[in-house]
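# only geometry, no sequence info:
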């Protein structure tokens with residue numbers, strides 16, 4: 001069957017019209033913005049044939065704005081195609097070489113897309129009311145009733161009624177009130193059975209325990225630790241540093257959401273650190289096994305964290321007795337980001353392990369001085385000593401002048417011996433592992449996410465101290481997004497005055513320091529015994545030859 005594209009348009013020489021085989025007219029008319037024809041429903045096929053689909057720059061869309069380096073060539077090609085197909089345009093409706101065009105209530109120009117001033121002219125020219133009567137008449141005109149809501153008076157709030165003010169804080173993350181948590185606990189299969197015994201005030205007898213599941217029996221074993229607060233059940237535990245925590249009995253419906261917050265959205269930490277984060281906030285039977293299964297089955301962790309070979313590590317390290325006593329600094333090199341940055345200056349407090357990592361474009365002494373002053377001195381204070389390797393940027397005259405100005409001692413490692421700055425060297429490896437856990441699209445812009453990864457490290461319990469670097473540095477436990485999910489899980493502050501708070505804060509820091517020393521010494525002894533049993537150290541004798 002002969003189509004419109006096979007016919008000659010010279011059959012009837014009339015402007016802006018073509019005819020089909022049965023003599024039906026096809027109306028073609030030009031559209032002003034974009035210089036592209038817009039036609040009636042019968043004229044879609046000629047336009048689609050005029051501009052082939054294999055040319056994306058000349059797409060037959062209803063509004064194609066041609067603007068590029070090949071503007072003239074593409075415009076000439078489009079017009080020639082129209083001429084070949086016999087399509088005609090009205091010159092009064094065509095505009096060429098315009099600085100801006102109007103399209104669908106917007107103005108498109110070289111500066112971008114802006115709103116058409118005509119759309120907001122009514123609001124700008126709105127008459128300012130002079131009294132309450134004019135304001136009421138102008139707000140709801142009598143001659144223009146509400147056509148979208150006939151019962152607008154019924155759905156609008158009554159200003160004369162009292163307003164209920166909620167006490168719950170609004171955060172970035174969804175928070176659940178005690179009533180919500182109590183409802184979820186009542187609906188949980190395991191906690192529901194335990195609640196039946198808790199409400200009657202005594203644990204189950206031997207006959208009743210035979211009918212209970214294993215998870216319910218584990219909750220019954222914690223009977224003396226269970227407490228009820230605002231209708232929600234918690235398990236009360238005492239941390240090694242003396243703080244008393246209330247662990248929420250977490251319903252099963254929140255297990256996956258909690259693990260996503262503490263692992264997937266918290267830097268993909270390992271099993272031990274993720275378990276410590278969970279134990280500080282909640283409890284459920286079999287929590288350790290569930291956390292381990294979640295971490296082992298995490299796709300990002302499986303792809304990014306390779307098995308590390310067992311090597312003998314250097315057991316000696318820097319010793320500090322309080323925060324801000326020794327600040328260890330070092331540079332690590334990463335793959336270049338989209339903004340050109342590839343260097344990261346790592347600054348670690350030796351006592352608390354609190355770390356800051358700042359991306360830089362170079363490793364010059366001027367960059368080191370600026371980062372030290374802006375990112376550490378002005379935020380946390382001036383340390384007593386700075387420890388680094390013997391790089392020229394760390395041993396320059398500028399760094400010596402900065403240390404002399406702030407009254408800081410400067411120490412250094414021996415040449416070609418990175419073990420002397422083990423605090424920063426170990427964090428460099430941890431930082432690389434954290435960055436490898438990012439998705440591919442985020443790895444190209446890693447400077448935007450490095451602060452979040454460092455925050456995840458500082459709020460996770462450190463293996464050598466048994467506490468988080470944040471709490472050892474500032475004396476208070478950190479708040480993470482999971483706390484908004486579970487409600488208040490941190491220790492309650494019972495102080496009533498500033499002096500009492502300072503005294504309690506000083507005692508908390510002293511307890512944390514004592515626990516830090518005991519845990520650190522015990523961990524050092526354990527690591528030394530394990531390393532010695534697995535790897536035999538070869539001591540070089542005098543006048544011996546290395547092979």
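Structure received. It should be emphasised that the depicted structure is a prediction, and the values quoted were computed from it without experimental measurement.

# got the contact list for the closest residue to residue 470 other than its chain neighbours?
With sequence-adjacent residues excluded and distances taken as Cβ to Cβ, 6 or more residues apart in numbering, residue 470 is closest to residue 478, at 4.2 Å. For every residue, glycine as well, the C-beta is placed using N, CA and C. Contacts here follow Cβ atoms under 8 Å, 6 or more residues apart in numbering; on that basis residue 478 touches 458-459, 468, 470-471.

# cool, and residue 450?
With Cβ under 8 Å, 6+ apart, residue 450 has these contacts: 344, 357, 359, 431, 435.

# helix, strand or coil for the residue nearest to residue 470?
coil (DSSP: H, G, I helix; E, B strand; the rest coil).

# coming back round to it: just the contacts of residue 450: which are in helices?
431, 435 (DSSP state H).

# And the contacts of residue 450, which is closest to residue 106?
residue 359 (38.0 Å; Cβ to Cβ).

# Share the number of residues neighbouring that closest one, please.
18 (other Cβ atoms under 10 Å).

# picking up where we left off before, highest neighbour count among the contacts of residue 478?
Neighbour max across these (other Cβ under 10 Å) = residue 468, 25 neighbours.

# Verify the stated contact: it with residue 477.
Yes - here residue 468 lies in contact with residue 477, judged by Cβ atoms under 8 Å, at a distance of 7.3 Å.

# Check the secondary structure at the closest residue to residue 342 other than its chain neighbours for me.
Nearest residue to residue 342, sequence neighbours excluded (Cβ to Cβ, 6+ apart): residue 336, at 4.4 Å. Using three-state DSSP, the three-state assignment for residue 336 comes out as coil.

# number of nearby residues for residue 336?
For residue 336, using other Cβ under 10 Å, the count is 13.

# Could you do the one 4 residues further on as well?
Close neighbours of residue 340, defined as other Cβ under 10 Å, add up to 8.

# sorry, back to before: Throw the contacts of residue 478 into CSV and include distance to residue 245 and pLDDT, thanks.
Putting the contacts of residue 478 into CSV (distance: Cβ to Cβ, whole Å; pLDDT from 0 to 100) gives the following:
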residue, distance to residue 245, pLDDT
458, 19, 90
459, 15, 87
468, 13, 85
470, 16, 89
471, 12, 84
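
# List the contacts of the residue lying closest to residue 251 once chain neighbours are set aside.
Once flanking residues are discounted, residue 251 sits nearest to residue 188: 3.9 Å by Cβ to Cβ, 6+ apart. Contact partners of residue 188, counting by Cβ under 8 Å, 6+ apart, are 251-253.

# what residue ranges in the stretch 101-250 of the chain score low on pLDDT?
132-159, 163-175, 240-242 (pLDDT under 70).

# And residue 379, how close does it get to residue 336?
Distance of residue 379 to residue 336, given as Cβ to Cβ, to the nearest Å: 27 Å.

# next one: residue 411
Taken as Cβ to Cβ, the span from residue 411 to residue 336 is 32 Å.

# just residue 326 next, same as before
32 Å.

# Report how many residues lie close to the closest residue to residue 116 other than its chain neighbours.
Spatial nearest neighbour of residue 116, excluding adjacent residues (Cβ to Cβ, 6+ apart): residue 105 at 5.0 Å. Per other Cβ under 10 Å, the neighbour tally for residue 105 reads 9.

# Which residues lie in contact with residue 105 in this structure?
With Cβ under 8 Å, 6+ apart, residue 105 has these contacts: 115-116, 119.

# With respect to residue 279, which of those residues is nearest?
Out of the contacts of residue 105, the member with the shortest distance to residue 279 (by Cβ to Cβ) is residue 115, at 53.6 Å.

# Next, the closest one: phi, psi?
Reported as degrees, to the nearest 10, the phi and psi values for residue 115 are phi -70, psi 140.

# what kind of secondary structure is residue 266 in?
coil.

# I misspoke; the intended subject was residue 101.
Applying three-state DSSP: residue 101 is strand.

# That one reaches residue 108, doesn't it?
Yes - contact criterion Cβ under 8 Å: residue 101 and residue 108 qualify, at 5.3 Å.

# Next, work out how far apart residue 120 and residue 127 are.
For residue 120, the distance to residue 127 - Cβ to Cβ - is 15 Å.

# Tell me how this structure divides into domains.
Annotated domains of the chain cover 178-306, 326-489 [the TED database].

# For residue 82, find the nearest of the ones you listed.
domain 326-489 (41.9 Å).

# ok, which stretches of the stretch 51-200 of the chain are helices?
71-84, 117-124, 132-139, 152-155, 178-187, 189-200 (DSSP state H, counting those that start in this stretch).

# So for residue 237, which of these sits nearest?
helix 189-200 (17.3 Å).

# Identify each buried residue in the following helix or strand past that closest one, please.
Sequence-wise, the next helix or strand downstream of helix 189-200 (DSSP states H and E) is helix 206-209. By neighbour count on 16 or more other Cβ atoms under 10 Å, the buried set for helix 206-209 is empty.

# following helix 206-209, which helix or strand comes up?
Taking DSSP H and E, what comes next after helix 206-209 is helix 214-221.

# ok, the helix or strand following that next one: who's next to it in the sheet?
Going down the chain from helix 214-221, the next helix or strand is strand 226-229, by DSSP H and E. With DSSP bridges as the test, strand 226-229 is paired with strand 232-238 (antiparallel).

# outside of the strand it pairs with, which residues touch it?
178, 181-182, 185, 191, 194-195, 198, 222, 225-228, 244-249, 283, 487.

# one more time with 6 Å
178, 181-182, 222, 225-227, 244-249, 283 (Cβ atoms under 6 Å, 6 or more residues apart in numbering).

# just the buried members of those?
181-182, 222, 226, 245-249, 283.

# Out of those residues, which comes closest to residue 421?
residue 245 (35.1 Å).
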